[in-house]
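>>> Sequence and predicted structure below; questions after.
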Amino acid sequence: MARVAIAEIWTFRASPQINVQDIDLSGYKVEATNGGIGKVDQATYETGGSYLIVDTGPWILGRKVLLPAGVVERIDPDDEKVYVDRTKDEVENSPEFDPDTHRDATDYRERVGDYYARG
């Protein structure tokens, strides 16, 4: 995947069929390019700062990960699935989720954005 601009990594891709702000993604299954990675625990819809917190369950020892909205390739409301354009390994190797600072524009959010923008 090509490098994505940092500003774009925090924004859901436009879809003529779905207005993501009209959908509560909590509980949706999350699919990487090579298989399931967990369920959406929380989703935000902030302009230029949207993300998903995904509970990976037993897949990577119950770890939670923060996925910027820009990695969401598509959403299937009928099957309640979110498809991301990253592999399971890319998600597993992402910066460790920081529950205390993930909401702030901090070094943590910068590291996550840089990691996923590299593609």
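On my side now, so go ahead.

>>> Can you pull up the most central residue in the protein?
Nearest residue to the geometric centre of the chain (C-alpha atoms, centre = their mean): L67, 2.5 Å.

>>> in what helix or strand does the spatially closest residue to it that is not a sequence neighbour lie?
Nearest residue to L67 in three dimensions, chain neighbours excluded: L52, at 4.6 Å (C-beta to C-beta, 6 or more residues apart in numbering). C-beta coordinates here come from the backbone N, C-alpha and C atoms, glycine included. Following DSSP states H and E, one finds L52 within strand 51-55.

>>> what comes into contact with that strand?
The contact list for strand 51-55, computed with C-beta atoms under 8 Å, 6 or more residues apart in numbering, reads 10, 25, 30, 37-44, 62, 64-69, 72, 82, 91, 97, 102.

>>> which residues in this protein form helices?
Secondary structure of the chain (DSSP state H): helices at 6-9, 88-92, 107-118.

>>> got the contact list for the residue lying closest to D85 once chain neighbours are set aside?
Using C-beta to C-beta, 6+ apart and skipping the chain neighbours, the partner closest in space to D85 is E73 (4.4 Å). Residues near E73 by C-beta under 8 Å, 6+ apart: 13, 83-85.

>>> Okay then, goodbye and thanks.
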